[in-house]
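Trainee: Turn this into a structure:
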Amino acid sequence: MRNTTTIITYFCIVIVAFSSIALGIPPTPADSGITVRPGFSLTIAIDNLERPRFMEAAPDGTLFISFPQLGQIKSCKDSDGDGSYESLETFVDNHPTVHGLYWHDGWLWFTESGAIFRARDDNNDGRADTEETVIPAGQLPKGGGHWWRSLLIHNQRLYTSIGDSGNINDESTTERQKIWSFKLDGTDKQLFCTGIRNTEKLVARPGTNEIWGMDHGSDRYGKFLEDKDKSAGQPITDLNPPCEMNHYIQDGFYGHPFVVGNRLVRYEFMERPDIVKLAAKTIPPAWATGGHWAPNAMEFYTGSQFPKDCQGDAFVAYHGSWNSSLKVGYCVTRVLFDAGKPYGELKVVDFLDKGGSVLGRPVDVVNTPDGSILISDDHGGKIYRLSYQPQDEKK
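Mentor: Down below sits the predicted model:
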């Protein structure tokens, strides 16, 4: 069992400052204010990007990045292996709201809001030569307040999630707030699970058939009461509800919009005659994170560069808060697993400086073939590389 004294459990706002460490080359500026857990090193892998979002690393090391505002996917290569990507090509274009990426069977599969495609580079120039539509527009809802679409291929089926079109709409009788699965040819549409708000990335836990994801908690939780006495600010909303790390199962119900966190009913739905049954049906989060931290992605660590006890843990990218009177989130953490279950969380990279200024907004985290982890930042327009060097090797 791991030393539980290193665990930081998040059911409230926790602000932790970590000692800065000497950074590698090319470095994050020494005075940047970004702090990194000792032993880890943060460097810039790609700079000057326009709001990079989700990433996927192919087996040969090619990195793909989605740019929803540009309607493009870029392909990037680090030819000399120095940790910095020299080439940046437009892999596909003309795909507004392009989002989730997944490499499978020699193809890069990707989502738009309402459609799924795949593309392939046949001559290794970084640009797609063949592109196919897997699920055409019209088969799934598009747009809305949460237009992002995840993508996972697992056991020869394709999974994608569709979030709430707003904050806490009751869309339980629509195709939204659900995860759907298909055969790889886009047929055989099946409902996988329900009651999600906004899960932007789905991942399979290595060595298992388990599907996991981070779901955003809803906003304005205490507004009904806080509006009655605005002098007190928003003490209820600031801490509630938690965001969620969920283990998604077939036919599972995860509560949204009626039930949040550990089966706590939102007051807007307390008068429903079936609310207790809905609470009983709700699968609580496997791990509850800070309220409004906005986790956009998680990735189970599969490399060998980090300490051995990182194997099987999840690294989480928190995009940060808006519905909180304090800035919270804006970090990358390590969620510790034991016997397949999460039990603690450690902040690894903090993009809030000591004065509370936002220095980055992590979107995605991905494993790379060399055992490091890449972090996309759509606030600073960068891709960071998180690597590890034991302290005794630094001396």
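Trainee: Okay, buried residues for the helix or strand where Trp103 lies please.
Mentor: Using DSSP states H and E, Trp103 maps to strand 101-104. Within strand 101-104, the residues that count as buried by 16 or more other Cβ atoms under 10 Å are 101-104. To be clear about C-beta, it is placed using only N, CA and C from the backbone, and glycine gets the same treatment.
Trainee: what do you get for stretch 38-49?
Mentor: Residues of stretch 38-49 classed as buried: 39-46, 49 (neighbour count, 16+ other Cβ under 10 Å).
Trainee: Give me the longest strand you can find in the protein.
Mentor: What stands out as the longest strand in the chain, according to DSSP state E, is strand 341-350.
Trainee: list the buried ones in that strand?
Mentor: For strand 341-350, by 16+ other Cβ under 10 Å, it's 342-345, 347-350.
Trainee: Spatially, what comes nearest to Asn262 if we skip its sequence neighbours?
Mentor: Closest residue in space to Asn262, ignoring its immediate chain neighbours: Pro284 at 4.8 Å, by Cβ to Cβ, 6 or more residues apart in numbering.
Trainee: The one you found: what's it in contact with?
Mentor: Under the criterion of Cβ atoms under 8 Å, 6 or more residues apart in numbering, the neighbours of Pro284 are 255, 261-263.
Trainee: Which members of the residues you listed define the maximum pairwise distance?
Mentor: Gly255 and Asn262 (9.7 Å; Cβ to Cβ).
Trainee: more neighbours, the two?
Mentor: Gly255 (29 against 15; other Cβ atoms under 10 Å).
Trainee: What is the burial count for the nearest residue to the more buried one once chain neighbours are set aside?
Mentor: Among residues not flanking Gly255 along the chain, Thr282 sits closest, at 3.9 Å (Cβ to Cβ, 6+ apart). Using other Cβ under 10 Å, Thr282 has 22 other residues around it.
Trainee: Give the rounded mean pLDDT of the longest strand of the chain.
Mentor: Mean per-residue pLDDT for strand 341-350: 97.
Trainee: and Cys292, how many neighbours does it have?
Mentor: Not quite, residue 292 is His, not Cys. Around His292 there are 29 residues (other Cβ under 10 Å).
Trainee: Just to check, it is in contact with Ser321?
Mentor: Yes. With contact defined as Cβ atoms under 8 Å, His292 counts as touching Ser321 (4.0 Å).
Trainee: Mutual contacts of these two, please.
Mentor: 328-329.
Trainee: quick one: the strands in the stretch 251-395 of the chain?
Mentor: Taking DSSP state E, counting those that start in this stretch as the criterion, the stretch 251-395 of the chain carries its strands at 259-260, 264-265, 287-291, 295-300, 314-318, 331-338, 341-350, 362-367, 373-377, 382-388.
Trainee: Pipe the ones you listed into CSV and attach distance to Arg120 per row.
Mentor: Converted to CSV, the strands of the stretch 251-395 of the chain look like this (distance: least, Cβ to Cβ, whole Å):
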stretch, distance to Arg120
strand 259-260, 42
strand 264-265, 47
strand 287-291, 37
strand 295-300, 24
strand 314-318, 28
strand 331-338, 31
strand 341-350, 34
strand 362-367, 20
strand 373-377, 22
strand 382-388, 23
